[in-house]
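Chemist: One predicted model, sequence on top.
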Amino acid sequence: MFLKIIFILAILYGLYRLFGGSFKLPTANKEKKEIEQNTLVECCKCGVYITKKEAKKKGECYYCEDCA
Ligand SMILES: [Zn+2]
């Protein structure tokens, strides 16, 4: 009986280690953040489109590197 419990725990631990990465929520959050970072925004000054990652935000406006 005791050995059975250890055996089951070992299997559960193995499964946990196997799928551990995909169960974590932060991974999904990171992906969401990356998508947001790659969203195109318009520069308030020259109108060029840049990704949010490259844009400099001032108040409600985004600026490209040249205008910032
Ligand atoms: Zn600009």
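Modeler: On my side now, so go ahead.

Chemist: how about the lowest-mean-pLDDT helix or strand in the chain: buried residues?
Modeler: Counting by mean pLDDT, DSSP states H and E, the chain has its least confident helix or strand at helix 25-37, which shows a mean of 78. For helix 25-37, burial by neighbour count (16 or more other CB atoms under 10 Å) applies to no residue. All C-beta atoms are positioned from the backbone trio N, CA, C, and that covers glycine.

Chemist: what do you get for stretch 50-62?
Modeler: 50, 55, 62.

Chemist: Kindly report the same for stretch 61-68.
Modeler: 62-64, 67.

Chemist: how about that stretch against the ion, any contact?
Modeler: Yes - counting by CB under 5 Å from the ion, contacts between stretch 61-68 and the ion involve 64, 67.

Chemist: could I get that stretch in CSV with only the CA atoms?
Modeler: Presented in CSV, the C-alpha positions along stretch 61-68 are these (Å, rounded to 0.1, in the frame of the first residue of the first chain):
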residue,chain,number,x,y,z
CYS,A,61,0.7,60.2,-27.9
TYR,A,62,3.4,57.9,-29.3
TYR,A,63,6.5,59.3,-31.0
CYS,A,64,9.0,57.6,-33.3
GLU,A,65,12.8,57.6,-32.5
ASP,A,66,13.4,60.6,-34.7
CYS,A,67,10.7,62.8,-33.2
ALA,A,68,11.2,61.7,-29.5
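
Chemist: pLDDT averaged over it, what's the number?
Modeler: In this model, stretch 61-68 has an average pLDDT of 93.

Chemist: Report the distance from that stretch to the chain centre.
Modeler: 24 Å (CA atoms, centre = their mean, to the nearest Å).

Chemist: Same check on stretch 11-20?
Modeler: With CA atoms, centre = their mean as the basis, the mean position of stretch 11-20 lies at 23 Å from the chain mean.

Chemist: now do stretch 56-68
Modeler: The answer for stretch 56-68 is 23 Å, by CA atoms, centre = their mean.

Chemist: So which residues make contact with that stretch?
Modeler: 41-46, 48, 50, 52, 54-55 (CB atoms under 8 Å, 6 or more residues apart in numbering).
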